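[1] my questions are about this predicted structure, shown below with the sequence.
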Amino acid sequence: MRKPIIAGNWKMYKSFDEAVEFAEAVREQVPSEDKVDAVICAPALYLPTLVDVATETDLAIGAQNMHFENEGAFTGEISPSQLASINVDYVILGHSERREYFNETDEAVNKKVRAALINGIVPIICCGETLEERESGQTEEKVSTQVTAALEGFTPEEVKHMVIAYEPIWAIGTGKTATADDANHVCGKIREVVEGLYGQEAAESIRIQYGGSVKPENIDELLSKEHIDGALVGGASLKVDSYLKLLEAAVNA
Ligand SMILES: O=C[C@H](O)COP(=O)(O)O
């Protein structure tokens, strides 16, 4: 059985004080990491402090992006080894907002996944279709292409420890959620893609999250589905109460 993983993606929200206040409020209430991986992916500026606040608790801290090189003349960028040097555990890669607004390509995502592994950071690899793609029946082809590209060149052992987040773009921040059956169907297809590339053990081990307007009211149904191992959550991860409710749902799933 795969351990659920709930990752909050704060995007470009919260002041520094609000971020610290949140982490201090949840750190003692987060369920044991034996039951659920609880992650907060915060703005880069806050990461060292949040890692410090979360030390020796079951709360893990992640970044929302990184460069694929460990160092170099890349003004404004943050490297995987820099994240590792402050003990960041996770990184979101290939989020649709990065693909859309910052021209992140499948090739760059693949390089970043490699760089994350080299530096001991767990990648949360995002994929998902636009509304237009969904309506024209291209959902499976789109996520399959994205996942295949992101996972190119690894070993089955490496793939087992990765996380994939399926986020239909039309469901992000819109209040529209894919039905649990639809989300499960696509997550199942992603698992088939992983199996085709890396075999059954990797496919059964890799964790696949759903993301897109997940909230305490809909998480139980999503997590009851065979192929959904957790959630990547934007809006509902910003409030202490709703974040803790999502974790509780994962423990009880
Ligand atoms: O990374 C998180 C997703 O973009 C989902 O955001 P949302 O929960 O606000 O729809």
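    Good, I have the coordinates.

[2] for the record, mean pLDDT for stretch 122-140?
    Across stretch 122-140, pLDDT averages out at 95.

[3] so what's Gly211 bridging to?
    Using DSSP bridges, the bridge partners assigned to Gly211 are Leu232.

[4] that one: what's it in contact with?
    Counting by C-beta atoms under 8 Å, 6 or more residues apart in numbering, Gly211 makes contact with 9, 126, 128, 165-167, 171-172, 231-234. Backbone N, C-alpha and C define where each C-beta goes, glycine included.

[5] does Gly188 touch Glu226 like I think?
    Yes. Contact status for Gly188 versus Glu226: in contact at 7.0 Å, counting by C-beta atoms under 8 Å.

[6] neighbour count: those two, which is higher?
    The neighbour comparison of Gly188 against Glu226 (other C-beta atoms under 10 Å) goes to Gly188, with 14 against 9.

[7] now the more buried one: closest residue in space, sequence neighbours ignored.
    The shortest distance from Gly188 to any non-neighbouring residue, by C-beta to C-beta, 6 or more residues apart in numbering, is to His227 (4.4 Å).

[8] burial check on the one you found, number of neighbours?
    18.

[9] next, it: secondary structure please.
    Under DSSP: H, G, I helix; E, B strand; the rest coil, His227 falls in the coil class.

[10] can you tell me the closest non-neighbouring residue to the closest residue to the ligand within the stretch 151-253 of the chain?
    Ranked by C-beta to the nearest ligand atom, the top residue of the stretch 151-253 of the chain for proximity to the ligand is Gly234, at 2.4 Å. Counting by C-beta to C-beta, 6+ apart, Gly234 lies nearest to Asn9, which is 5.2 Å off, once chain neighbours are set aside.

[11] isn't that neighbour right up against Ile92?
    Yes. Counting by C-beta under 8 Å, Asn9 sits close enough to Ile92 to count as a contact (6.0 Å).

[12] re earlier: contacting residues around the residue nearest to Gly188?
    So His227 contacts 184, 187-188, 190-191, 208 (C-beta under 8 Å, 6+ apart).

[13] check whether the lowest-mean-pLDDT helix or strand in the chain comes near the ligand.
    Least confident helix or strand of the chain, by mean pLDDT, DSSP states H and E, is helix 131-135 with a mean of 92. No. On the criterion C-beta under 6 Å from any ligand atom, helix 131-135 is out of touch with the ligand, staying 13.9 Å away.

[14] with only the CA atoms kept, save that helix in CSV.
    Output in CSV follows, covering the C-alpha atoms of helix 131-135 (Å, rounded to 0.1, in the frame of the first residue of the first chain):
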residue,chain,number,x,y,z
LEU,A,131,-9.8,22.5,-21.1
GLU,A,132,-9.4,22.6,-24.9
GLU,A,133,-7.3,19.4,-24.8
ARG,A,134,-9.8,17.7,-22.6
GLU,A,135,-12.8,18.7,-24.8
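
[15] other residues contacting that helix?
    Helix 131-135 has contacts (C-beta under 8 Å, 6+ apart) with 139, 142, 168-170.

[16] how does it look with 6 Å?
    Residues from elsewhere that reach helix 131-135, judged by C-beta atoms under 6 Å, 6 or more residues apart in numbering: 142, 170.

[17] mind listing what's buried in it?
    133-134 (16 or more other C-beta atoms under 10 Å).

[18] who in the protein is up against the ligand?
    9, 95, 167, 172-173, 211-214, 232-236.

[19] swap in 8 Å and give it another go.
    Proximity of the chain to the ligand is confined to 7, 9, 11, 41, 92, 95-97, 126, 165, 167, 171-175, 211-215, 232-237 under the rule C-beta under 8 Å from any ligand atom.
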